[in-house]
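Fold the following.
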Amino acid sequence: MDLKDRLKRFDTHSPVSKEFRVYTVQGAVLSIVTLVFVGYLVTADFFFNFQVTLQEKVHVNASSPSGIELEFDVSLPDVPCSKLSIDANDPNGQKQSLHLDTDHHVWKHRITLLPNGHRQLLGERSKLELGSTLLTEKDLEVKAEELQNAKDNSESRTEMTPCGDCYGAGEEGECCKSCEDVKRAYKRRGWSLRDTSGVSQCRRESGIAEAEGEGCNVHGVVALSSGGGNLHIAPGRDTEANFPGGMNIFDALLQSFHQWNVSHQIHKLRFGKDYPAGVYQLDGETRTITDGYGMYQYYFQVVPTRYTFLNGTTIQTHQYSVTEHLRHVSPGSNRGYSLNSRMPGIFFFYEVSPLHVDIMEVYQKGWIAFLTSVCAIVGGVVTIAGLIDHVIFSRQHSSRELMR
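A predicted model of the protein is given here:
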């Protein structure tokens, strides 16, 4: 007996000759239904096994992030832009730099309330509108003509540059695009800016007169310290404008008794870059504050996050959880505290979590699970269809025997 004959003894799939086969209509119908059903199940299983899903892992972060980038877009419909300041403090209450440069900026735009209750932006929302300087397209054309005519003047060249001069107070690479940026840089240095007439940004904004009932939209991207702190948007710039030589205790007390409506809407708030499936709890939220001495505080727990795509590309960003609190500031209670920390406004307090989250895109199961499922589907469906066909054929055969 040769090898082929020996192998035939192990054949468990011996075919049945055609003369022993019985072809029926119900068998043909079951065969078609079987093929359709198998095709449907295999297709569904393919899409299920190769569906992209997110796998999350949490671990203790061994190293602290070098910094946090905060992107925000907030509207205060009842506080004019000229009376609004944006600053950041570290956990000890010391001012920290916003690291304004060509990639980081803070812009303010005047808004007004329409009769239908909607907010209207005054002027085009563009990079040229620094500090709400340009209000209409006509203003933009006039300003462009002025800059073109004065391009040979060194001062005009400074205004045209995309990175404004901080007049010696800025850090290396820092840009001061508005009058408030220059004042913020001087304040951080502890210097006094008594005369703003020599600051081109302040002269450019001094001719803007705000109408009654105007508000302000503040948006930008700033770099903050990873050690925690707060960013606050609060009325306060008018004190510097009205008291360029510095405020005494009586001026501060008068300022503290002023009521401000800090009702606001948060259009966008991010700690880092956007990533797929990101959850941003505060986007589109509105807070109405009836207390004229209200300090609205947000407390953020920021979690460093790395998002990895299927192709291996990664995004370093942050997630956050937030709690909110409305605090009443008693008028005249600024003793022992900085003026901004005890005045109405919006405060974003944050601290960085020691945990780190890795989010990875992975396939639901993959090829091995898919091929296993295909074998199970084909074998199961064909076997069940064969049992059904056998039962139907047996009953029909029994009925014919009884009729005979």
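
The nearest residue to Val199 once chain neighbours are set aside: what's it in contact with?
Closest residue to Val199 apart from its sequence neighbours, by CB to CB, 6 or more residues apart in numbering: Val182 at 5.4 Å. (C-beta placed from N, C-alpha, C; glycine too.) With contact set as CB atoms under 8 Å, 6 or more residues apart in numbering, Val182 has these partners: Gly164, Cys166, Tyr167, Ala169, Cys176, Leu193, Thr196, Val199, Gln201, Cys202.

same thing but 10 Å
Neighbour list for Val182: 164-167, 169-170, 176, 193, 196, 199-202 [criterion: CB atoms under 10 Å, 6 or more residues apart in numbering].

possible to save these as a markdown table with secondary structure and neighbour count?
Putting those into a markdown table (DSSP: H, G, I helix; E, B strand; the rest coil; neighbours: other CB atoms under 10 Å) gives the following:
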| residue | secondary structure | neighbour count |
| --- | --- | --- |
| Gly164 | coil | 23 |
| Asp165 | coil | 18 |
| Cys166 | coil | 21 |
| Tyr167 | coil | 17 |
| Ala169 | coil | 20 |
| Gly170 | coil | 23 |
| Cys176 | coil | 22 |
| Leu193 | coil | 21 |
| Thr196 | coil | 19 |
| Val199 | coil | 21 |
| Ser200 | helix | 18 |
| Gln201 | helix | 25 |
| Cys202 | helix | 19 |
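
Just name the closest of those residues to Tyr293, please.
Of all the contacts of Val182, Leu193 has the smallest distance to Tyr293: 28.5 Å, by CB to CB.

Just give the closest residue to that closest one, not the sequence neighbours.
In space, and not counting its chain neighbours, Leu193 is closest to Tyr186: 4.5 Å by CB to CB, 6+ apart.

Stretch 59-70: which residues count as buried?
Ile68, Glu69, Leu70 (16 or more other CB atoms under 10 Å).

quick one: that stretch to chain centroid distance?
From the chain centre to the centre of stretch 59-70 is a distance of 17 Å (CA atoms, centre = their mean, to the nearest Å).

Residues touching that stretch, excluding its own?
88, 98-99, 103-104, 220-229, 231, 269-273, 300, 302-304, 316-318, 348, 350, 352-358.

run the last query once more with 8 Å
99, 104, 221-227, 231, 269-273, 302, 304, 318, 348, 350, 352-356, 358.

So which of those residues sit within strands?
Members of the contacts of stretch 59-70 lying in strands (criterion: DSSP state E): 221-224, 231, 269-271, 302, 304, 318, 348, 350, 352, 355-356, 358.

Narrow these to those that are buried.
221-224, 231, 269-271, 302, 304, 318, 348, 350, 352, 356.

Do me a favour and average the pLDDT over stretch 383-391.
For stretch 383-391, mean pLDDT is 85.

Export that stretch to CSV, keeping only CA atoms.
Extracted as CSV, the C-alpha positions of stretch 383-391 are listed here (Å, rounded to 0.1, in the frame of the first residue of the first chain):
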residue,chain,number,x,y,z
THR,A,383,-24.8,23.0,10.1
ILE,A,384,-28.1,24.5,11.3
ALA,A,385,-29.3,24.9,7.7
GLY,A,386,-28.4,21.2,7.1
LEU,A,387,-30.4,20.1,10.2
ILE,A,388,-33.4,22.1,9.1
ASP,A,389,-33.2,20.7,5.6
HIS,A,390,-33.0,17.1,7.0
VAL,A,391,-36.0,17.6,9.2
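
Return the distance of that stretch from the chain's centre.
With CA atoms, centre = their mean, you get 57 Å for stretch 383-391.

In this structure Arg287 contacts Tyr298, no?
No - with contacts counted by CB atoms under 8 Å, Arg287 stays clear of Tyr298, the gap being 9.5 Å.

Between these two, which contacts overlap?
Jointly contacting Arg287 and Tyr298 under the rule CB under 8 Å, 6+ apart are Glu324.

Have a look at these two and say which one is more surrounded.
Taking other CB atoms under 10 Å, Arg287 and Tyr298 do not tie; Tyr298 has more neighbours (20 against 16).

low-scoring stretches of the stretch 251-400 of the chain, by residue?
251-258, 331-342 (pLDDT under 70).

Try it again at 80.
Applying pLDDT under 80 to the stretch 251-400 of the chain picks out residues 251-259, 291-292, 329-343, 364, 366, 393, 396-400.

cool, the stretch 1-150 of the chain as well?
In the predicted model, the stretch 1-150 of the chain carries pLDDT under 80 at residues 1-27, 62-66, 82, 92-104, 113-150.

how much space between Gln396 and Val199?
100 Å (CB to CB, to the nearest Å).

re earlier: from the buried ones among the ones in strands among the contacts of stretch 59-70, which is closest to Asp45?
Closest to Asp45, out of all of these and judged by CB to CB, is His356, at 35.1 Å.

so the closest one sits right up against Gln316, yeah?
No - shown here, His356 and Gln316 do not form a contact pair, counting by CB under 8 Å, at 10.4 Å.

Dump the contacts of Val182 into CSV; add distance to Pro344 as well.
Listed next are the contacts of Val182 as CSV, based on distance: CB to CB, whole Å:
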residue, distance to Pro344
Gly164, 29
Asp165, 32
Cys166, 29
Tyr167, 30
Ala169, 28
Gly170, 29
Cys176, 26
Leu193, 24
Thr196, 25
Val199, 28
Ser200, 32
Gln201, 26
Cys202, 25
